[in-house]
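J.: Fold the stuff below for me.
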Amino acid sequence: MNRLFLTILMIAISSSAAGQQAFSSLEEQMSGKEFTAAGLQKLTPAELDALNNWIRSRSLATLDEAKPTSAGAGANEAGFEAQSVQDMERTTINSRLVGKFTGWDGQTVFKLENGMIWEQADKDKFFIKEVENPMVSIEPGAFKTWKLSVEGYSSHCKVKRIQ
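T.: A predicted model of the protein is given here:
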């Protein structure tokens, strides 16, 4: 029993530490051919670092989360309050689905008003009477997963972001 508890504890600790290292730089995400085709090899190391930091800080931000501020202290060049990367990475995302929605079928792609695109990551099925542009919440789940739910319904499905 103690051995099982220790194993579970070690898994939880290692997944927590891995979650803090979740961001992959452009160099890690792209092949050498893609990196060159995008012209990124022309950037200085400082410019590439600045680009990676910009992407990291906005990787999971939504339009709903961006809060305009005055150009004074605490605001970055874009005029938005700086948020820590960890805060943005695992916060609930609220938006509307674009168009008609009748549920999910195990292969559903969800296009959100905020520009994000998510796809279903499980094979669950759930059908409802057609609704137009319903409000959805995408919440962090266990082990770096995300779950999508539609306002007014108790069902949810696992999703992963594709754009």
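J.: Count the neighbours of T44 for me.
T.: T44: 8 surrounding residues under other CB atoms under 10 Å. Placement of C-beta: from N, CA and C, glycine included.
J.: Next up, phi/psi of it, please.
T.: Per-residue torsions, T44: phi -70, psi 160 (degrees, to the nearest 10).
J.: ditto for A46
T.: Main-chain torsions, A46, degrees, to the nearest 10: phi -70, psi -40.
J.: quick one, domains of this structure?
T.: The chain resolves into domains spanning 23-89, 93-161 when parsed by automatic domain parsing.
J.: could you redo those domains as TSV and give each row mean pLDDT?
T.: Below are the domains of the chain laid out as TSV (pLDDT from 0 to 100):
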stretch	mean pLDDT
domain 23-89	61
domain 93-161	94
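J.: Need the winner for burial among these.
T.: Ranked by mean neighbour count, these are led by domain 93-161 with a mean of 15 (mean count of other CB atoms under 10 Å).
J.: which residue ranges form the strands in this protein?
T.: 93-96, 100-104, 109-111, 117-120, 126-132, 135-140, 146-150, 156-161 (DSSP state E).
J.: Could you write out the alpha-carbon coordinates of the fifth one in CSV?
T.: Presented in CSV, the C-alpha positions along strand 126-132 are these (Å, rounded to 0.1, in the frame of the first residue of the first chain):
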residue,chain,number,x,y,z
PHE,A,126,-22.9,13.9,-27.4
PHE,A,127,-25.8,15.3,-29.4
ILE,A,128,-28.2,18.2,-28.8
LYS,A,129,-30.7,20.2,-30.7
GLU,A,130,-29.0,22.7,-33.0
VAL,A,131,-27.9,26.0,-31.4
GLU,A,132,-26.2,29.0,-32.9
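J.: relative to strand 100-104, how tilted is that strand?
T.: 170 degrees (axes from the mean of the first three to the mean of the last three CA atoms, to 10 degrees).
J.: Listing partners with orientation, what would you give for strand 126-132?
T.: Paired strands of strand 126-132, with direction, are strand 100-104 (antiparallel) (DSSP bridges).
J.: One more: the last one?
T.: The strands that strand 156-161 pairs with in its sheet are strand 117-120 (antiparallel), strand 146-150 (antiparallel) (by DSSP bridges).
J.: Also the third one?
T.: If you go by DSSP bridges, strand 109-111 pairs up with strand 117-120 (antiparallel).
J.: quick one: contacts of the strand it pairs with?
T.: Contact partners of strand 117-120, identified using CB atoms under 8 Å, 6 or more residues apart in numbering, comprise 104-112, 138, 146, 148, 157-163.
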